[in-house]
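Trainee: The following block contains a protein sequence and its predicted model.
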Amino acid sequence: MRKKLLAVLMAAAMVLSLAACGGDGGSGKDEKSDSSSGGGEGELSGEITVWSWDVALAHLQSQAERFNEKYPDVEFNFEDMSVTQVYQKMTTCLQSGIGLPDIVSLEGEQMQKFGEKFPGQFEEFTDMINKDDFFPIKLAECTVDGKIIAYPWDSGPCAMFYRTDLFEEAEIKAEDIVTWDDFIEAGKKIKEKTGVDMLCMAESRNDQVYRLMLMELGAFYFDEEGTPQVNSPESIQAMEMCKRLYEEDITFNNSSWDDMMTGMASDKFACYPEAVWMVGSIKDGVPDQEGKWKVMPLPKFAKDDEAKGASNGGSVLAVPTASENAEAAKEFVKFCMEDVDANVEGFQNYGLYPSYLPALESEVFKEGDPFFGDQQIFDLFTEIGKTVPQINYTSNFAEALEMSKNCVAQVILEDADPTEVLNAEQKEMESKFGK
């Protein structure tokens, strides 16, 4: 993107900042090009730099061609980066205000961190979004101080993937598993009749099962105000259930993603709780198991509990206020996120499961999947996604996640008391985060 020279007195600082940031983004709203304008069809113009990764970038590139049919005077510059590179460059460039892109992909769970640490440095979408059109959890990810500062993109509603052949061998029916108590009893039966563990659950360095249970109970590490609540009754209940699953000897330990996939291929476990994007990983990782998998909702803690879903993963799109062509950038983001065809293409071509509800009404999301016994799995994930409660990740999520992993390890591997461990974690969080 073209940049104008800054004043001589700023030259030295600019050189240092651009070295850190790559120097390809906009240089501030005070230098905004006059060629960028809002308005009707054909009026937008300017050059837009996009930072993203992997299939997300490929999808945005494909949609830029469609966008140019309506706005031919908008040019695009796409930069392919890893997730880590995006975060490193965003942090450095937000601190200096120089070198930022016009559009950037961020993981949903990370958006609040950037929004809180760099207030006022992201464009608002509050008036552009109909909140009823998106999963509530995705809107929560994009909201800081009551303002929507990013656009919801792909989502990660979670369910329980399970092996139908192992269930049949043990004479277990998925529809009979409503609660975690039911799940444990079924797990004992499967272990006895097949020798296979019921659940893939990491014993350390991973708190996934505990975290999904927290969401099911309508809780999380933090409350709506950002105050730690890891010793809440819901948190203790979730941690106690994780310990019980382990003590019942029905869990397979996956110390890494590769361990999990190897265990899956070797028939080491019958169930794996994960997000909708796991569909592609199962198909790619164990193609010989076609027809042996299906999906069911995560078990509840009690039969009469209100069904609440859980989420893991997904991303958002944000526009830094430093963009020289913010209006064009925002229109492109809205186009990609709210165009039904764009959402369908993103799913079909790149596995990006949308959070935009009108797109999820398309027939492609209601078809049966042959790999999963023709089950309408995506319709199930859509219904689950609607029930995932809004949670507050806060700017402290990454550190809280590491603390939570340590707590899981203490409870499972060291036989520590869940209440004592979570009370200690609560004190540590309050000390570190100041609430």
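Mentor: Yep, it's here. Numbering: from 1, shown residues only.
Trainee: So what's the residue count around Asp339?
Mentor: 18 (other C-beta atoms under 10 Å). Where you see a C-beta, it was placed from the backbone N, CA and C, and this is true even at glycine.
Trainee: Kindly report the same for Trp277.
Mentor: 18.
Trainee: State the distance from it to Phe134.
Mentor: 18 Å (C-beta to C-beta, to the nearest Å).
Trainee: which residues touch the residue positioned nearest the centre of the chain?
Mentor: Nearest to the mean C-alpha position of the chain, by C-alpha atoms, centre = their mean, lies Gly313 at 2.1 Å. If a contact means C-beta atoms under 8 Å, 6 or more residues apart in numbering, then Gly313 has Glu107, Gly108, Asp154, Gly156, Ala275, Trp277 as its contacts.
Trainee: pLDDT value on it, please?
Mentor: pLDDT recorded at Gly313 is 93.
Trainee: Could you do Glu65 as well?
Mentor: For Glu65, pLDDT reads 95.
Trainee: Remind me which helix or strand it belongs to.
Mentor: Using DSSP states H and E, Glu65 falls within helix 54-70.
Trainee: Export that helix to PDB, keeping only CA atoms.
Mentor: What follows is helix 54-70, C-alpha atoms only, in PDB (Å, rounded to 0.1, in the frame of the first residue of the first chain):
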ATOM      1  CA  ASP A  54      -4.000 -20.800   5.500                       C
ATOM      2  CA  VAL A  55      -7.600 -21.600   4.200                       C
ATOM      3  CA  ALA A  56      -9.000 -18.500   5.800                       C
ATOM      4  CA  LEU A  57      -6.800 -16.400   3.500                       C
ATOM      5  CA  ALA A  58      -7.600 -18.500   0.500                       C
ATOM      6  CA  HIS A  59     -11.300 -18.000   1.100                       C
ATOM      7  CA  LEU A  60     -10.900 -14.200   1.400                       C
ATOM      8  CA  GLN A  61      -8.900 -14.100  -1.800                       C
ATOM      9  CA  SER A  62     -11.700 -15.900  -3.600                       C
ATOM     10  CA  GLN A  63     -14.300 -13.600  -2.300                       C
ATOM     11  CA  ALA A  64     -12.300 -10.500  -3.300                       C
ATOM     12  CA  GLU A  65     -12.900 -11.500  -6.900                       C
ATOM     13  CA  ARG A  66     -16.600 -11.500  -6.300                       C
ATOM     14  CA  PHE A  67     -16.400  -8.200  -4.400                       C
ATOM     15  CA  ASN A  68     -14.600  -6.600  -7.300                       C
ATOM     16  CA  GLU A  69     -17.500  -7.400  -9.600                       C
ATOM     17  CA  LYS A  70     -19.500  -4.800  -7.500                       C
END
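Trainee: Tell me where the stretch 101-250 of the chain has helices.
Mentor: With helices called from DSSP state H, counting those that start in this stretch, the stretch 101-250 of the chain shows them at 108-117, 136-141, 164-169, 180-194, 208-216, 233-247.
Trainee: now the last one against helix 208-216, angle please.
Mentor: Taking axes from the mean of the first three to the mean of the last three C-alpha atoms, to 10 degrees, one finds helix 233-247 and helix 208-216 inclined to each other by 150 degrees.
Trainee: I would like the residues contacting helix 233-247, please.
Mentor: Taking C-beta under 8 Å, 6+ apart as the rule, helix 233-247 contacts 180, 184, 187, 199, 201, 203, 209-210, 213-214, 216-219, 229, 251, 301, 407-408, 411-412, 418-419, 421-422.
Trainee: which of these are buried?
Mentor: Among the contacts of helix 233-247, those buried by neighbour count (16 or more other C-beta atoms under 10 Å) are 180, 184, 187, 199, 201, 203, 209-210, 213-214, 216-217, 219, 229, 251, 407-408, 411-412, 418, 421-422.
Trainee: Columns pLDDT and distance to Ala328 on top of the contacts of Gly313, output as JSON lines?
Mentor: Shown next, in JSON lines, are these (pLDDT from 0 to 100; distance: C-beta to C-beta, whole Å):
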{"residue": "Glu107", "pLDDT": "97", "distance to Ala328": "25"}
{"residue": "Gly108", "pLDDT": "96", "distance to Ala328": "24"}
{"residue": "Asp154", "pLDDT": "97", "distance to Ala328": "23"}
{"residue": "Gly156", "pLDDT": "97", "distance to Ala328": "29"}
{"residue": "Ala275", "pLDDT": "98", "distance to Ala328": "32"}
{"residue": "Trp277", "pLDDT": "96", "distance to Ala328": "30"}
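Trainee: Looking at these, state which has the most neighbours.
Mentor: Taking other C-beta under 10 Å as the neighbour criterion, Asp154 ranks highest of the contacts of Gly313 with 28 neighbours.
Trainee: Please report how far that one lies from Val333.
Mentor: From Asp154 to Val333 the distance is 14 Å (C-beta to C-beta).
Trainee: And Glu225, by the same measure?
Mentor: 29 Å.
Trainee: residues touching Asp267, list them.
Mentor: Arg163, Leu166, Val196.
Trainee: now the strands for the chain?
Mentor: 46-52, 74-80, 103-107, 143-144, 147-148, 151-152, 158-163, 197-200, 251-252, 269-275, 293-296, 315-318 (DSSP state E).
Trainee: Just confirm Asn423 contacts Asn231, I think it does.
Mentor: Yes. If you go by C-beta atoms under 8 Å, Asn423 and Asn231 touch, sitting 4.9 Å apart.
Trainee: So which of the two has more stuff around it?
Mentor: Using other C-beta under 10 Å as the criterion, Asn423 and Asn231 rank with Asn231 on top: 19 against 14.
Trainee: Let me have the helices of the stretch 101-250 of the chain in CSV, adding distance to Asp369 as columns.
Mentor: Below are the helices of the stretch 101-250 of the chain laid out as CSV (distance: least, C-beta to C-beta, whole Å):
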stretch, distance to Asp369
helix 108-117, 25
helix 136-141, 23
helix 164-169, 13
helix 180-194, 23
helix 208-216, 22
helix 233-247, 28
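Trainee: Quick check: which of those is nearest to Glu402?
Mentor: helix 208-216 (12.5 Å; C-beta to C-beta).
Trainee: Please work out which residues outside that closest one touch it.
Mentor: By C-beta under 8 Å, 6+ apart, helix 208-216 touches 158, 199, 201-202, 220-221, 234-235, 237-239, 241-242, 245, 273-274, 298, 300-301, 308-312, 388-389, 391, 404, 408.
Trainee: Then stretch 128-141?
Mentor: Against stretch 128-141 from outside (C-beta under 8 Å, 6+ apart): 108-109, 111-112, 148, 150-153, 155, 157, 311, 314, 316, 330, 334, 338, 355-358, 385-386, 388-393.
Trainee: Please indicate which of these are buried?
Mentor: Neighbour-count burial within the contacts of stretch 128-141 applies to 108-109, 111-112, 148, 150-153, 155, 157, 311, 314, 316, 330, 338, 355-356, 385, 388-389, 391-393; the criterion is 16+ other C-beta under 10 Å.
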